[in-house]
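K.L.:
Whatever this is, show me its structure:
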Amino acid sequence: MGVDQHRAFEAIEEGRVRLLMLVDDEPAQRRLVAAIASRAGWRTVFAPDSETAIAMLGTQDGMMLDAILLDQWAPGSDSAELIAELKARRPALPILLLTSSGSTEGAVAAMRAGASDYLIKPVAPERLMTALDQAVESTNQAGELQPLSEKLGQELAFEEIIGAAPAFRTALAIAAKAARSRVPVFIEGEGGVGKETLADAIHAASPRAKQPLLKVSCGSIAENLLDSVLFGHEKNAFTGAFDRRVGLLQQADGGTIFIDEIDKLPSATQVRLVRLVTDNEIQPLGSPHSYRIDVRLITAADEPLEPMLAAGTFREDLFYRINVVQLAIPPLRERTGDLSALARHFLARLATQPGLRSLGITDEALALLRAYDWPGNVRQLQDVLFRASVLCEGDALTAAEFPLIAEAVRASGVATAPPTQHADGIGVTLYEADGNLRPLDAIEADVIRLAIGHYRGRMTEVARRLGIGRSTLYRKLADLGIDNAAA
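P.N.:
The predicted structure follows:
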């Protein structure tokens with residue numbers, strides 16, 4: 001490994017020098033932002049006004065930009081107009097807005113124009129560095145407000161994970177049982193189905209919950225660096241290895257490590273991982289000694305590994321050792337009955353974010369979302385709902401808030417099912433057409449009618465299943481104006 005490769009490895013652990021354009025004419029704030037950004041590995045170039053910022057996009061530095069930070073009061077243009085112009089020229093470039101504490105309305109307008117995030121002045125150093133890191137990590141999600149939607153991420157216990165589809169509940173049940181042991185778990189599922197969420201839940205429910213949970217995605221790291229990232233290296237192990245570095249596996253000793261995209265693991269690294277899962281030992285690069293560690297291994301892949309076994313590109317001995325417990329997470333298109341609950345869950349969490357508010361969602365909108373095939377799965381649903389929430393002017397999301405989804409559904413030729421009493425997949429409508437909750441007595445009346453019909457008027461059984469006495473049931477029938485025969 002040469003010096004350049006070593007520098008690439010340093011970039012993974014410490015962050016490479018990235019390029020930020022700050023659009024601001026205040027010298028003091030420019031110096032402050034540049035100093036903070038440099039601590040996170042950023043170099044800053046400056047544009048004092050909107051005209052200069054647009055012109056700089058065509059320069060050598062402008063072509064290498066990783067992000068733009070725009071002060072709301074920068075001269076020359078309304079901030080939302082400037083953001084829209086910059087996004088039109090560089091759609092994938094994340095733009096962050098610096099705003100005063102009393103200008104939430106302007107911040108939301110900027111997000112609607114395409115900003116990725118906003119920061120309130122005076123900005124705390126940690127807040128700025130986190131926002132810049134998230135902006136760079138999100139560049140592979142072009143066109144989505146990924147940095148803000150990622151703020152919704154949080155570890156969920158098994159009982160908090162949304163989903164009633166049988167295949168999904170089966171996977172959760174197996175995961176919950178496996179969490180109590182230390183056996184390796186392999187999670188299979190398309191990108192965005194929630195593999196990392198499930199790994200979080202397994203760790204949180206395990207005896208190792210208070211120990212570290214470290215994560216690595218093999219697809220995001222160069223192949224020649226994975227050994228160093230996972231297993232570490234000794235000083236002078238290769239050209240440019242000026243210091244000893246502890247690998248992620250050793251850092252996770254006593255806890256859990258989640259290795260995503262394990263199908264992209266190079267052959268040499270697969271051999272090293274076999275030793276870990278067989279003997280609980282690792283050997284850093286350049287070290288004459290091995291180290292025993294106790295780490296719980298959770299792995300994941302977007303595609304089944306069996307074809308790679310047949311092709312000889314994935315080791316059979318490694319496959320069977322990491323696949324002690326296998327979990328298959330179905331894609332969202334196969335669990336559309338969960339979509340209503342997921343959508344409302346995400347909207348409730350979005351309402352807690354700065355600049356956003358509580359929104360309902362209409363049955364027509366839900367019918368449209370159910371007709372879409374969701375190639376990006378749950379992650380894409382969250383991003384789509386976030387964008388719709390930012391742009392929504394009413395009290396509830398309607399089908400009009402999802403024009404790209406509607407266009408895709410029309411192109412696919414799939415008809416959107418009209419809303420019915422079974423729109424939520426449970427036989428009872430919980431929401432009005434405007435997205436607000438129905439009154440409790442109306443919902444209760446529907447539940448009782450459903451039970452009477454389901455049990456064919458056998459009132460003793462109805463009362464037993466509802467967990468109430470017969471006399472209470474008849475009193476509710478009278479109070480709610482429900483006719484037994486009609487029900």
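
K.L.:
what comes into contact with stretch 335-349?
P.N.:
152, 162-165, 167-168, 332, 358-361, 366, 369-370, 378, 381-382, 385-386, 389, 397, 423-425 (CB atoms under 8 Å, 6 or more residues apart in numbering). The C-beta positions use only the backbone N, C-alpha and C, and glycine is treated the same way.

K.L.:
Apart from its chain neighbours, what residue comes closest to D317?
P.N.:
V274 (5.6 Å; CB to CB, 6 or more residues apart in numbering).

K.L.:
To clarify, my last question referred to G254.
P.N.:
Here the residue nearest G254, using CB to CB, 6+ apart, is Q211, at 4.6 Å.

K.L.:
I'd like the distance between the one you found and A204.
P.N.:
Distance from Q211 to A204, counting by CB to CB, to the nearest Å: 11 Å.

K.L.:
D263 too?
P.N.:
26 Å.

K.L.:
Count the neighbours of the residue nearest to G254 for me.
P.N.:
16 (other CB atoms under 10 Å).

K.L.:
After whichever strand or helix holds K215, which helix or strand is next?
P.N.:
Per DSSP states H and E, K215 falls inside strand 213-217. Remark: after strand 213-217, the chain's next helix or strand is helix 223-231, criterion DSSP H and E.

K.L.:
helices or strands up against the following helix or strand past that following helix?
P.N.:
As assigned by DSSP H and E, the chain's next helix or strand after helix 223-231 is strand 232-233. For strand 232-233, the packing partners by 3 or more CB pairs under 8 Å, 6 or more residues apart in numbering; DSSP states H and E come out as strand 245-246.

K.L.:
State the mean pLDDT of the strand it packs on.
P.N.:
In this model, strand 245-246 has a mean pLDDT of 84.

K.L.:
And the helix or strand just after that strand, how far out from the chain middle?
P.N.:
The element immediately downstream of strand 245-246 (helix or strand, assigned by DSSP H and E) is helix 248-251. Taking CA atoms, centre = their mean, to the nearest Å, one finds helix 248-251 lying 24 Å from the centre of the chain it belongs to.

K.L.:
Could you name the helices and strands sitting against the strand holding K215?
P.N.:
helix 195-204, helix 248-251, strand 256-260.

K.L.:
Please produce TSV containing these, extended by mean neighbour count and distance to E223.
P.N.:
What follows is the helices and strands packed on strand 213-217, written out as TSV (neighbours: other CB atoms under 10 Å; distance: least, CB to CB, whole Å):
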stretch	mean neighbour count	distance to E223
helix 195-204	22	22
helix 248-251	18	16
strand 256-260	24	14
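
K.L.:
Minimum distance to G62: which of the ones you listed has it?
P.N.:
G62 lies closest, by CB to CB, to one member of the helices and strands packed on strand 213-217: strand 256-260, at 33.4 Å.

K.L.:
and that closest one, which strands flank it?
P.N.:
Pairing partners of strand 256-260, with direction, according to DSSP bridges: strand 213-217 (parallel), strand 296-301 (parallel).

K.L.:
Touching the last one from outside, list them.
P.N.:
Okay, so that is strand 296-301. 182, 184-189, 195-196, 199, 202-203, 206, 208, 255-263, 276-277, 322.

K.L.:
make it 6 Å
P.N.:
Outside of strand 296-301, the residues within contact range by CB atoms under 6 Å, 6 or more residues apart in numbering are 182, 184-188, 195, 199, 208, 256, 258-260, 262-263, 322.

K.L.:
And the shortest one, by the same measure?
P.N.:
Defining contact as CB under 6 Å, 6+ apart, one finds that strand 213-217 is touched by H203, L248, Q251, A252, G255, T256, I257, F258, I259, D260, E261.

K.L.:
Against I468, how distant is the closest residue to T44 other than its chain neighbours?
P.N.:
Nearest non-adjacent residue to T44, counting by CB to CB, 6+ apart: A34, 4.1 Å away. Look at A34 and I468: by CB to CB, they are 67 Å apart.

K.L.:
How about R438?
P.N.:
Relative to I468, and taking CB to CB, R438 is found at 21 Å.

K.L.:
Repeat that for L332.
P.N.:
Taking CB to CB, one finds L332 at 36 Å from I468.

K.L.:
Looking at the two now, which is surrounded by more residues?
P.N.:
L332 (29 against 14).

K.L.:
Hmm, the more buried one is touching G376, no?
P.N.:
No: assessed by CB atoms under 6 Å, L332 is found out of contact with G376, at 8.6 Å.

K.L.:
Assumed T44 was part of a strand.
P.N.:
Yes: counting by DSSP: H, G, I helix; E, B strand; the rest coil, T44 is found in a strand.

K.L.:
in terms of contact, does it touch I36 like I think?
P.N.:
No: look at T44 against I36 with CB under 6 Å: they stay out of range, at 9.4 Å.

K.L.:
Around L20, how many other residues sit close by?
P.N.:
As a measure of burial, L20 has 24 neighbours, counting by other CB under 10 Å.

K.L.:
same thing with M111?
P.N.:
Residues near M111, counting by other CB under 10 Å: 25.

K.L.:
so it sits right up against S389, yeah?
P.N.:
No: at 9.9 Å, M111 does not count as touching S389 under the criterion of CB under 6 Å.

K.L.:
so who does L70 touch?
P.N.:
With CB under 6 Å, 6+ apart, L70 has these contacts: V23, L97.

K.L.:
how distant is the helix or strand containing it from the center of its chain?
P.N.:
Using DSSP H and E, L70 maps to strand 67-71. On the basis of CA atoms, centre = their mean, strand 67-71 sits 24 Å off its chain's mean C-alpha point.

K.L.:
Parallel or antiparallel, which strands does it pair with?
P.N.:
strand 18-23 (parallel), strand 95-99 (parallel).

K.L.:
Quick check: what element follows it along the chain?
P.N.:
Next element after strand 67-71 (DSSP H and E): helix 79-89.

K.L.:
Give the other helices and strands that that following helix contacts.
P.N.:
helix 104-113 (3 or more CB pairs under 6 Å, 6 or more residues apart in numbering; DSSP states H and E).

K.L.:
So which bits of the host helix or strand of T170 are buried?
P.N.:
Element membership for T170, per DSSP H and E: helix 166-179. By 16 or more other CB atoms under 10 Å, the buried positions in helix 166-179 come out as F168, A171, L172, A175, A176, A178, A179.

K.L.:
could you dump the residues you listed to a markdown table with pLDDT and distance to M64?
P.N.:
Shown next, in a markdown table, are those (pLDDT from 0 to 100; distance: CB to CB, whole Å):
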| residue | pLDDT | distance to M64 |
| --- | --- | --- |
| F168 | 88 | 43 |
| A171 | 89 | 43 |
| L172 | 87 | 45 |
| A175 | 93 | 43 |
| A176 | 90 | 47 |
| A178 | 93 | 46 |
| A179 | 93 | 45 |
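
K.L.:
other SSEs contacting the helix or strand harbouring A37?
P.N.:
Using DSSP H and E, A37 maps to helix 27-39. When contacts are defined as 3+ CB pairs under 6 Å, 6+ apart, helix 27-39 sits against strand 42-47.

K.L.:
Good, wrapping up.
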